[in-house]
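>>> Sequence and predicted structure, then a few things I'm wondering about:
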Amino acid sequence: MKRLFILDFDNTVVLNPNYSSFIHLPLIGQLLPRKYLITSGAERVIGELKRRGDFVVILTKTTVLPVKRKMVKVRESGFEEMVDDVVVVRRKTPKVVRAIIERFPAEKAYMVGNSYRNDVEVALKSGITAVYIPRGRGESRKLLEKGGIREKVVVLDRFEEILALP
């Protein structure tokens, strides 16, 4: 069975490449990325998914960096060459997810991320399985419980657990 995994980049595949992970240089008006950490097991998991014949797409949004700069960050991380596609958007929407699904026909699709609003909610509205990996974001956990959708979402403790998904 061929599956599609749509992976969030920030705080899912890599840890902390958000605005607080940048050094702002006001004199030249630039943001320079600090070193960030690759999530434990991410390279191995993505490699194994590809070896199994699954599609893997990174879907990431950017509000601080221009889209081209965000693409450079993904490219520099080394993941661009490991996945089938990288999609950078200003806002994740069901329309964007459905467009990805159309390009990569699979029998089962998962959207994996650390944000209720940007990952879980968008996956559910797109009609695919939401996989939530908490990264200390208390507000996302509260929304998950408050929204009464806990039973519709796969919650994993570690990125490596993706390999056990059906």
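Yep, that arrived. The structure presented is a predicted model; accordingly, all values stated were derived computationally and were not measured.
>>> M111 and A130: what is the separation?
Distance, M111 to A130, using Cβ to Cβ, to the nearest Å: 6 Å. All C-beta atoms are positioned from the backbone trio N, CA, C, and that covers glycine.
>>> which of the two has more neighbours?
M111 (27 against 23; other Cβ atoms under 10 Å).
>>> which residues sit in contact with the more buried one?
Contact partners of M111, counting by Cβ atoms under 8 Å, 6 or more residues apart in numbering, are 6, 8, 59, 97, 119-120, 122-123, 126, 128-131.
>>> show me where pLDDT drops low in the protein?
Where the chain drops to pLDDT under 70, the residues are 16-36, 65, 136-141, 143-144, 146-148, 150.
>>> can you rerun that using 50?
17-29, 31-32, 34 (pLDDT under 50).
>>> Stretch 75-83: end-to-end distance?
11 Å (Cα to Cα, to the nearest Å).
>>> got a list of what the closest residue to K108 other than its chain neighbours touches?
Distances taken as Cβ to Cβ, 6 or more residues apart in numbering put R3 closest to K108, at 4.6 Å, once the chain neighbours are dropped. Residues near R3 by Cβ under 8 Å, 6+ apart: 49, 54-55, 106-110, 165.
>>> so which helix or strand takes in V72?
helix 67-77 (DSSP states H and E).
>>> Revised request: answer the last question for V88.
Counting by DSSP H and E, the element that carries V88 is strand 85-89.
>>> Show me what that strand is packed up against.
Packing partners of strand 85-89 (3 or more Cβ pairs under 8 Å, 6 or more residues apart in numbering; DSSP states H and E): strand 55-61, helix 67-77, helix 94-103.
>>> any idea which of these is most buried?
Of all those, strand 55-61 has the most neighbours on average by mean count of other Cβ atoms under 10 Å, namely a mean of 22.
>>> where along the protein do the helices fall?
42-51, 67-77, 94-103, 121-126, 138-146 (DSSP state H).
>>> mind putting these in JSON lines, distance to L156 included?
Shown next, in JSON lines, are these (distance: least, Cβ to Cβ, whole Å):
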{"stretch": "helix 42-51", "distance to L156": "11"}
{"stretch": "helix 67-77", "distance to L156": "21"}
{"stretch": "helix 94-103", "distance to L156": "19"}
{"stretch": "helix 121-126", "distance to L156": "14"}
{"stretch": "helix 138-146", "distance to L156": "13"}
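>>> Kind regards, and thank you for your time.
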